[in-house]
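J.: What shape does this take:
(one chain, ligands or ions: 1)
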Amino acid sequence: MHLSSFPLDDSLDLLVVSRSEAGDELRRRFRESHAFLVRGVLSKTTVVLDEDLLGEPWFTDAHLQTVLAHEYAHHLLGDAHGAGGREDEREADWLAHRILVRRGEMSAAELTEEMFTRRYHEAVADVDGEMLGKPHVRRVVTQFL
Ligand SMILES: [Zn+2]
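T.: Here you go, the predicted model:
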């Protein structure tokens, strides 16, 4: 288990936990998702990341950036991760792409774009208008990106 500053924003923490040291609840969460956001439990909002994922041969740095940007998007959107449904995920995926482009993480941005299209059967760019038409999404883009 390793706690550090969250690379995209040091007002958050990153907690990396291996499945072998995780309890039942954490293992259950890792079955649903590689990472998730914990808010209001520890002193800082914390992104919890499955350490075993980092050792997977297919898991590249671009994948890591993609996962972190997605969780950061949830944070910026004020989502309680897990409580939201498909639309929260779609918004977080869209915003993650924007975050990555803004940070110049182009291979991760590309990966996010491919994943978005596969998941929602639409292109990221095609939903810009729709997303920016949502006040809570527009607020985040205007304020942070
Ligand atoms: Zn999510």
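J.: how near is His70 to Ala108?
T.: For His70, the distance to Ala108 equals 10 Å [Cβ to Cβ, to the nearest Å]. Glycine gets a C-beta too; all of them are placed from N, C-alpha and C.
J.: swap that for Tyr120, please
T.: Relative to Ala108, Tyr120 is positioned 18 Å away (criterion: Cβ to Cβ).
J.: Compare these two (neighbour count), which wins?
T.: Neighbours around Tyr120 and Ala108, counted as other Cβ atoms under 10 Å, are more numerous at Ala108. The numbers are 25 against 16.
J.: so who does the more buried one touch?
T.: When contacts are counted by Cβ atoms under 8 Å, 6 or more residues apart in numbering, Ala108 is found next to Asp61, Ala62, His63, Gln65, Thr66, Ala69, Leu100.
J.: Which strands or helices does the helix or strand containing the fourth one pack on?
T.: In this case it means Gln65. Per DSSP states H and E: Gln65 is located in helix 61-77. Helices and strands in packing contact with helix 61-77 are listed as strand 35-38, strand 46-50, helix 86-102, helix 106-120, helix 135-144; criterion 3 or more Cβ pairs under 8 Å, 6 or more residues apart in numbering; DSSP states H and E.
J.: Name every strand pairing with the shortest one and say which way it goes.
T.: Here strand 35-38 has these sheet partners by DSSP bridges: strand 46-50 (antiparallel).
J.: Next secondary structure after the partner strand?
T.: Per DSSP H and E, the first helix or strand lying C-terminal to strand 46-50 is helix 51-54.
J.: how close does Phe36 sit to Asp88?
T.: In this view, Phe36 and Asp88 are 12 Å apart by Cβ to Cβ.
J.: Flag the shaky bits of this protein, pLDDT-wise.
T.: The model of the chain has pLDDT under 70 over residues 80-84.
J.: how about a cut-off of 80?
T.: Counting by pLDDT under 80, the chain shows low-confidence ranges at 79-84.
J.: So which residues on it come close to the ion?
T.: The interface of the chain toward the ion, taken as Cβ under 5 Å from the ion, is made up of Glu89, Ala92.
J.: Now the most centrally placed residue in the chain: closest residue in space that isn't a chain neighbour?
T.: Ranked by distance to the mean C-alpha position of the chain (Cα atoms, centre = their mean), the top residue is His70 at 1.8 Å. In space, His70 comes closest to Ala96 once its chain neighbours are excluded; the distance is 4.4 Å by Cβ to Cβ, 6 or more residues apart in numbering.
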